[in-house]
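K.L.:
need a 3D model of the following:
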Amino acid sequence: MVQRWILAVLRNRTFFSLDELNQALAELLTRLNSKPFRKISGSRESLFAELDKPALVPQPTTHYEYAEWKPVRLGFNYHVQIDEHFYSAPYHNPHMTPMRRRYVKRYTSWNIVLRSS
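P.N.:
Residues are numbered from 1 along each chain as shown. Below you'll find the predicted structure:
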């Protein structure tokens with residue numbers, strides 16, 4: 001609906017720069033958002049201010065980072081195998097046998113994190 005209305009309004013105009021087109025689009029969007037609804041009271045702008053704006057939260061400060069979690073076992077030589085590579089892991093409790101100690105790996109593009117479970 002929005003696209004069709006904007007294209008109908010702009011169909012006979014010629015734009016010579018992207019800035020000019022963006023300015024026309026911004027004006028039309030402002031006009032459309034403040035236009036009252038036909039069947040219910042209010043406009044898009046008033047409904048946004050009433051319903052959506054109070055629920056907005058700030059964006060997270062850290063970027064999303066893809067990670068895989070997989071349980072691995074500490075080998076007899078205190079190494080774990082991750083994607084055909086061996087990484088050494090700390091062994092803090094001498095009373096536990098290394099084969100029973102389980103680790104969870106978190107593999108990202110930057111690092112591999114081993115945490116005891």
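K.L.:
domain parsing for the protein?
P.N.:
2-55, 68-116 (automatic domain parsing).
K.L.:
pick out the shakiest of those domains, pLDDT-wise.
P.N.:
Mean pLDDT is lowest for domain 68-116 among the domains of the chain, at a mean of 61.
K.L.:
secondary structure element for residue 6?
P.N.:
Using DSSP states H and E, residue 6 sits in helix 2-10.
K.L.:
quick one: the helices in this structure, in order.
P.N.:
Along the chain, the segments classed as helices by DSSP state H run 2-10, 18-34, 44-47.
K.L.:
let's have those in a markdown table, adding mean neighbour count.
P.N.:
The C-beta positions use only the backbone N, C-alpha and C, and glycine is treated the same way. Listed next are these as a markdown table, based on neighbours: other CB atoms under 10 Å:
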| stretch | mean neighbour count |
| --- | --- |
| helix 2-10 | 11 |
| helix 18-34 | 12 |
| helix 44-47 | 14 |
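K.L.:
okay if I get those as JSON lines plus distance to residue 77?
P.N.:
Putting those into JSON lines (distance: least, CB to CB, whole Å) gives the following:
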{"stretch": "helix 2-10", "distance to residue 77": "63"}
{"stretch": "helix 18-34", "distance to residue 77": "61"}
{"stretch": "helix 44-47", "distance to residue 77": "63"}
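K.L.:
neighbours around residue 62, how many?
P.N.:
Counted with other CB atoms under 10 Å, the neighbours of residue 62 add up to 6.
K.L.:
can you give me phi and psi for it?
P.N.:
phi -100, psi 150 (degrees, to the nearest 10).
K.L.:
and it, how far is that from residue 55?
P.N.:
Separation of residue 62 from residue 55 (CB to CB, to the nearest Å): 22 Å.
K.L.:
what about the strands in this protein?
P.N.:
68-73, 79-82, 85-88, 102-107, 112-116 (DSSP state E).
K.L.:
the second one - contacts with which helices or strands?
P.N.:
Here strand 79-82 touches strand 68-73, strand 85-88, strand 102-107, going by 3 or more CB pairs under 8 Å, 6 or more residues apart in numbering; DSSP states H and E.
K.L.:
is it true that residue 86 touches residue 78?
P.N.:
No: in this structure, residue 86 is not within contact of residue 78 by CB atoms under 8 Å, at 10.1 Å.
K.L.:
thanks again, I'm all set now.
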